[in-house]
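> Let's see this in three dimensions:
(chains A and B)
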Amino acid sequence: MMHGTWTIFRRELASYFATPLAYVFIVIFLAAAGAFAYFLGNFFDRGQADLQPFFTFHPWLYLVLIPALSMRLWAEERKSGTIELLLTLPIPVGATVLGKFLASWAFAGIALALTFPFWITVRILGSPDNGVILASYIGSFLMAGAFLAIGAALSALTKNQVIAFVLTAALCFIFTVSGSSVVLGFLTGWAPESVLTAVASFSFLAHFSTIVRGVIDLRDAVFFVSVMALFLFANAVIIDLTKAD
Amino acid sequence: MDVMIDARHLHRRFGPILAVDDVTFTVAQGEVLGFLGPNGAGKSTTMKMITGFLAPTSGTAVICGADIVLDPIAAKRRIGYLPEGAPCYPDMTPASFLGFIARIRGFGGDEARRRIALAVEHTALQTVLAQPIETLSKGYKRRVGLAQALLHDPEILILDEPTDGLDPNQKHEVRALINALAPQKAIIISTHLLDEVDAVCTRAIIIAEGRILADGTPAELEARSRHHNAVRLSLARDDIDAAGALMRLPGVALVEEVEDGEGRGLMIFPRDGRSIVAEVSDLVGTAQWPVTALRVERGRLEDVFRAITTRAAA
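Numbering: from 1, shown residues only, chains lettered A, B, ... in the order given. As a prediction, this is how the structure comes out:
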């Protein structure tokens, strides 16, 4: 299992860098993260040495960029027929699902790590709370993983990468804003209170914002890890049931 | 002979369609089994079930003692599989692709290098090892797929249309390779090329609409053809009533005038598939006809194939 996962992981991660996708993704991610923090978050004008304006926009950035990363994971294998090759190799489906996911997550991690100049900037300009920044990075990384797991499962449903992108962006959007007044307002009045609480508790924004404030609550970490586990399981089931369609 | 592939009552349903209907056969070491059938007959679906890509609706296949449904990992280790269309990762090079396959099959270091070198040699890929697969010709892509299937020197080879898209020289090379590998392995190939069955298969199964309609050696199947033991005769002059004289021979059932790639001639069909070449050549000798060609037909797989598969469709 481990051996298969590791081999798949290496091939997948290398495949990101075999095409311009990796470089385009990283450049756009860094440029957009900087632009959001600077123009919308008043990164400099606030006069505070922290990265809060930078992290605040990560959910929105991921909403557009993560589906672009996850859409090819399975859809491309279906389209080219390599899924047949991959799934007749002597490794369990679970190992393949995990290896692919981890590769995309590692790639997102690389892109995230390359934002370190923001941290250097605030270090030069002041004395930021490094604990909060580290917590925020961990939170952002966990959230990226949850987005990617959703994207991987939806990519397994189709051989069309555009469909995978749109479905993932839509579902991730629902997860992101599920705690907002728009969604809750839609439910208030007819849905029971418990449903309201449940829906609100799925909000990526809520879980992420507590982490960004510097509090790594175990419950928030568990939430993101659970979302990943759930969707990876769904991914394996989808592949098993529909691989030949 | 050891049975290495044992397909037992394989069924596969896609919605309302029964794509594979009770397919049962065995393949022993040294056998090359040809799957013949029209497109959509269930050849690929059967192969997908044997290789563990598709779960059978019912039935199973036992690969060297390992049940593909109950113990898929052990069974898959014994199989080298070339899927239909020889899919490969287009942005990888053959070298990196074969490296990936070697690692995932559990080979590392010198062992992996040795196996990759051998597979590359078998499939003559040396000159394109560093080119992205997407830039390769169809023939090379197919050979990359073959190299991948051969890499772990499997006991079982399952090749879905291994020579599709190859030019005649490449076809010859792949067939020679299959023949060279055959004694140690059990091999299944699917094809719609009937000359391929003659060239490489020790046995052929004809499938149509998901069912096995015929199973035998190529010679046995050819014997079911109406051309089996027929005699093709060409004469230098066409003012002789050869047909009339031939029809009076006791062994001759029918004489047809034919015109094919060899020119005009007569096709003399025997009664009950018996050998009539002696009678015909005696007659030719006594009548002193100017013969340009006289040949015994072995029988045509095309006839058998068409007769069997169209009967199934009707």
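
> and the residue of chain A found nearest chain B, what is it in contact with?
Using Cβ to the nearest Cβ, A:Gly81 is the residue of chain A that sits closest to chain B, at 3.5 Å. C-beta coordinates here come from the backbone N, C-alpha and C atoms, glycine included. Applying Cβ atoms under 8 Å, 6 or more residues apart in numbering or on different chains to A:Gly81 gives the contacts B:83-85, B:87.

> residues making contact with the helix or strand bottoming out on mean pLDDT in chain A?
Using mean pLDDT, DSSP states H and E, the weakest-scoring helix or strand in chain A turns out to be helix A:181-187, at a mean of 72. Under the contact criterion Cβ under 8 Å, 6+ apart, helix A:181-187 has outside partners A:174, A:177, A:195-196, A:199-200.

> Would you mind checking those residues for buried ones?
A:177, A:199 (16 or more other Cβ atoms under 10 Å in any protein chain shown).

> contacting residues around B:Ala182?
B:30-32, B:200, B:202.

> ugh, typo on my part, it should be B:Asp22
So B:Asp22 contacts B:9-11, B:59, B:211 (Cβ under 8 Å, 6+ apart).

> Please apply the same query to B:Glu222.
Each residue near B:Glu222 by Cβ under 8 Å, 6+ apart is listed here: B:228, B:298-301, B:304.

> Quick check: the residue of chain B nearest chain A.
For chain B, the residue closest to chain A is B:Pro87, as judged by Cβ to the nearest Cβ, at 3.5 Å.

> For the lowest-mean-pLDDT helix or strand in chain B, report the contacting residues that lie outside it.
Lowest on mean pLDDT, DSSP H and E among the helices and strands of chain B sits helix B:301-313, with a mean of 76. Identification of contacts with helix B:301-313 by Cβ under 8 Å, 6+ apart yields B:36-38, B:41, B:194, B:197-198, B:204, B:206, B:208-209, B:211, B:213-214, B:218, B:221-222, B:224-227.

> before we move on, what about stretch A:158-172?
Contact with stretch A:158-172 is made by A:62-64, A:66-68, A:70-72, A:74-76, A:78-79, A:147, A:150-151, A:154-155, A:157, A:204, as judged by Cβ under 8 Å, 6+ apart.

> all helices of the chain, in order?
Using chain A here. A:2-18, A:21-35, A:52-56, A:58-70, A:72-80, A:82-86, A:93-113, A:116-125, A:130-155, A:161-177, A:181-187, A:193-201, A:204-212, A:218-242 (DSSP state H).

> my bad, chain B
In chain B, the helices defined using DSSP H lie at B:43-50, B:72-77, B:94-104, B:109-123, B:138-150, B:168-181, B:194-200, B:218-223, B:242-247, B:277-287, B:301-313.

> Run the angle between the longest one and helix B:94-104 for me.
For helix B:109-123 and helix B:94-104, the angle between their directions (axes from the mean of the first three to the mean of the last three Cα atoms, to 10 degrees) works out to 130 degrees.

> Name the nearest residue to B:Leu235, sequence neighbours excluded.
B:Trp289 (5.4 Å; Cβ to Cβ, 6 or more residues apart in numbering or on different chains).

> ok, and for stretch A:53-65, which residues are buried?
Within stretch A:53-65, the residues that count as buried by 16+ other Cβ under 10 Å are A:53-59, A:61-63, A:65.
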